[in-house]
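>>> Quick one, structure for this:
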Amino acid sequence: MSSRRWVLPALLASALTVSLAPHAAAHDRDGARTVGYYTNWAGYDRNFLVKNLDDNGTAPRLTHLNYAFGFLDETGKCVSSDPWADYQRPFSAEQSVSGKADEAGQPLLGNLNQLKQLKAKHPRLRVNISLGGWTGSKHFSDAALTPESRAAHVKSCIDLWLKGNLVGTAPGAAAGVFDGIDLDWEWPASPGAPGNVVRPEDRANFTALLVEYRKQLTALSWRTGKRYDLTAFLPADPAQADRGFEIPKVFALLTFATIQGYDYHGAWDPLTNQQSALRTPAADPTTPKFSTQVAIDHYLSRGAPRGKTVLGVPFYSRGWTGVRNENNGLFQPATGPAPATYEAGYEDYRVLKAQLGKYTVHRDPKAGHAWLFDGTTFWTWDDPVEIKRKGRYVAERGLGGAMIWSLDGDTADGELIRALRDGLS
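Got it, this is the predicted structure:
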């Protein structure tokens with residue numbers, strides 16, 4: 001422990017110095033950041049393709065697109081979680097951003113090639129590879145454990161995703177697709193998905209991992225003349241935030257951080273509740289209280305700079321069924337998760353909108369949340385009214401922008417992304 005206490009500050013100071021070099025500057029284009037996650041499974045059951053981001057007007061309204069997810073193997077090295085979706089699947093002319101069909105033998109296929117085409121059409125859009133997620137964070141603790149493991153992990157991720165040396169393709173086939181790396185370690189020093197490796201020292205090791213990323217990204221930047229983003233997804237729960245992150249040091253090393261602004265409640269709770277309210281509803285019977293204001297105020301009180309603090313917003317709903325028909329269904333006992341298209345208790349906005357005639361919409365403007373209820377089934381409800389309200393909250397508090405999970409939940413005409421941008425303006 002004593003060696004870490006002396007070595008880490010020196011490394012941190014070095015990383016902060018090099019991160020201010022011209023090619024590693026952390027400035028974004030004018031206006032609030034608008035960050036959206038596109039998942040590599042969106043093209044399966046949802047049939048939501050990269051092309052749809054162009055068709056529905058999302059791409060020109062984004063500053064950053066996070067492609068989710070890359071995984072870590074048991075050694076802590078970066079690997080593709082789905083090679084077929086990422087870089088092997090051929091797209092027809094009708095499915096392609098460029099309007100041209102993929103050809104046999106071309107160096108790069110799949111979503112990565114589509115992202116390359118999207119960037120060519122929208123050259124100010126920055127695209128980052130997101131690592132981990134709920135099901136892909138098992139080995140982060142091992143990767144961050146020692147100086148050697150951190151160096152090997154970062155080197156493998158830069159080689160795979162930024163240099164584009166994909167398994168089974170020509171060297172550099174995917175070079176230039178990604179402009180940076182987004183870390184979605186869920187969660188340092190706190191339990192996440194079953195089977196995740198969790199250690200108390202994850203907190204300090206997360207900072208040390210960022211130092212190593214900054215060191216290697218800066219070296220790459222000097223060689224290529226490009227700047228690279230380093231971002232992270234951080235939890236809404238203040239206890240998890242304090243347990244897992246040295247907040248001032250973490251923000252100093254990141255281009256920006258996205259704060260989880262959703263999943264405050266869900267069908268894992270016995271009572272219906274809000275999943276993304278701006279403020280805690282007055283009658284909320286649960287403890288501890290969760291809301292956007294609770295989360296954001298906590299990070300700011302711990303030293304997070306407003307300009308680097310980006311609020312997450314949901315393009316989906318959480319739902320319960322077997323709900324007692326009182327108080328319009330809010331804060332009532334339920335028998336379990338509501339039936340849904342892809343996952344019980346979770347439904348895309350666009351799917352629920354098509355069923356809206358079955359429900360009554362209820363709002364709490366003071367707390368900043370809405371819900372649907374039909375007498376037995378309850379859904380949290382982030383429609384354009386609530387999404388615009390969240391964008392306005394970001395602008396009024398001087399935060400660094402908004403992040404979307406996930407872009408496949410929007411409608412064919414992009415009504416949620418338009419509402420968000422209207423609120424941010």
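>>> which residues are contacting stretch 393-405?
With CB atoms under 8 Å, 6 or more residues apart in numbering as the test, stretch 393-405 has contacts from 32-37, 63, 66, 256, 258, 261-262, 278, 292, 296, 305-316, 368, 390-391, 416-417, 420, 423-425. Yep, even glycine has a C-beta here, placed from its N, CA and C like the rest.
>>> for it, the distance to its chain's centre please.
14 Å (CA atoms, centre = their mean, to the nearest Å).
>>> Likewise for stretch 260-276?
On CA atoms, centre = their mean, the centre of stretch 260-276 falls 18 Å from that of its chain.
>>> And the longest helix along the chain, what does it pack against?
Using DSSP state H to define each element, the chain has its longest helix at helix 202-224. Packing partners of helix 202-224 (3 or more CB pairs under 8 Å, 6 or more residues apart in numbering; DSSP states H and E): helix 2-19, helix 140-143, helix 147-157, strand 180-184, strand 229-234, helix 238-244, helix 247-253.
>>> all helices for the stretch 51-200 of the chain, in order.
83, 110-121, 140-143, 147-157 (DSSP state H, counting those that start in this stretch).
>>> any chance of these in a markdown table, plus mean pLDDT, distance to G164 and mean neighbour count?
Below are the helices of the stretch 51-200 of the chain laid out as a markdown table (pLDDT from 0 to 100; distance: least, CB to CB, whole Å; neighbours: other CB atoms under 10 Å):
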| stretch | mean pLDDT | distance to G164 | mean neighbour count |
| --- | --- | --- | --- |
| helix 83 | 98 | 14 | 16 |
| helix 110-121 | 98 | 8 | 22 |
| helix 140-143 | 98 | 21 | 24 |
| helix 147-157 | 98 | 12 | 18 |
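>>> L72 is nearest to which of those?
Ranking the helices of the stretch 51-200 of the chain by proximity to L72 (CB to CB) places helix 140-143 first, at 5.7 Å.
>>> Show me the contact partners of the closest one.
By CB under 8 Å, 6+ apart, helix 140-143 touches 72, 74-77, 132, 149-150, 152-153, 185, 188, 196-199, 202, 205, 209.
>>> Would you convert the helices of the stretch 51-200 of the chain into CSV that also reports distance to A93?
Listed next are the helices of the stretch 51-200 of the chain as CSV, based on distance: least, CB to CB, whole Å:
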stretch, distance to A93
helix 83, 23
helix 110-121, 12
helix 140-143, 40
helix 147-157, 33
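>>> wait, which of those helices is closest to T58?
helix 110-121 (10.0 Å).
>>> helices or strands next to the closest one in the packing?
Using 3+ CB pairs under 8 Å, 6+ apart: helix 110-121 touches helix 50-55, strand 64-72, strand 126-132.
>>> Which elements pack onto the longest one?
So that's strand 64-72. strand 33-39, strand 78-80, helix 110-121, strand 126-132, strand 180-184, strand 229-234.
>>> which residues touch the longest one?
Which is helix 110-121. Outside helix 110-121, the residues that touch it by CB under 8 Å, 6+ apart are 38, 40, 43, 49-51, 53-54, 59, 65, 67, 83-89, 91, 96-98, 102, 106, 108, 125, 127, 166, 174, 176-177.
>>> And for stretch 68-79?
37-40, 80-81, 129-133, 135-140, 142-144, 149, 152-153, 156-157, 159-161, 167, 184, 406.
>>> one step back: distance to A267 added to the helices and strands packed on strand 64-72, as a markdown table?
A markdown table is the format used below for the helices and strands packed on strand 64-72 (distance: least, CB to CB, whole Å):
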| stretch | distance to A267 |
| --- | --- |
| strand 33-39 | 21 |
| strand 78-80 | 31 |
| helix 110-121 | 30 |
| strand 126-132 | 23 |
| strand 180-184 | 22 |
| strand 229-234 | 22 |
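>>> Looking at the ones you listed, spot the one closest to D382.
strand 33-39 (14.4 Å).
>>> who's in contact with the closest one?
With contact meaning CB under 8 Å, 6+ apart, strand 33-39 is reached by 50, 53, 58, 61-69, 111, 130, 231, 256, 258, 310, 400-408, 417, 420-421, 424.
>>> Quick check: PyMOL command selecting the buried ones in the contacts of stretch 68-79.
Remark: buried members of those, expressed as a PyMOL selection using 16 or more other CB atoms under 10 Å:
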select buried, resi 37+38+39+40+80+81+129+130+131+132+133+136+137+138+139+140+142+143+144+149+152+153+156+157+160+161+184+406
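>>> Just the pLDDT for A32.
We note a pLDDT of 89 for A32 in this prediction.
>>> Pretty sure it sits against L420.
No: contact between A32 and L420 fails when scored by CB atoms under 8 Å: they sit 9.6 Å apart.
>>> Which one of the two is surrounded by more residues?
L420 (29 against 22; other CB atoms under 10 Å).
>>> element containing that one?
helix 415-424 (DSSP states H and E).
>>> Show me which residues of that helix are buried.
415-421, 423-424.
>>> and if you look at stretch 97-104?
Going by neighbour count (16+ other CB under 10 Å), the buried part of stretch 97-104 is 97-98, 102.
>>> Repeat that for stretch 214-224.
So for stretch 214-224, counting by 16+ other CB under 10 Å, buried means 214-218, 220-221.
>>> For stretch 74-91, what is the distance to the chain centroid?
18 Å.
>>> end-to-end on it?
Counting by CA to CA, to the nearest Å, you get 32 Å between the two ends of stretch 74-91.
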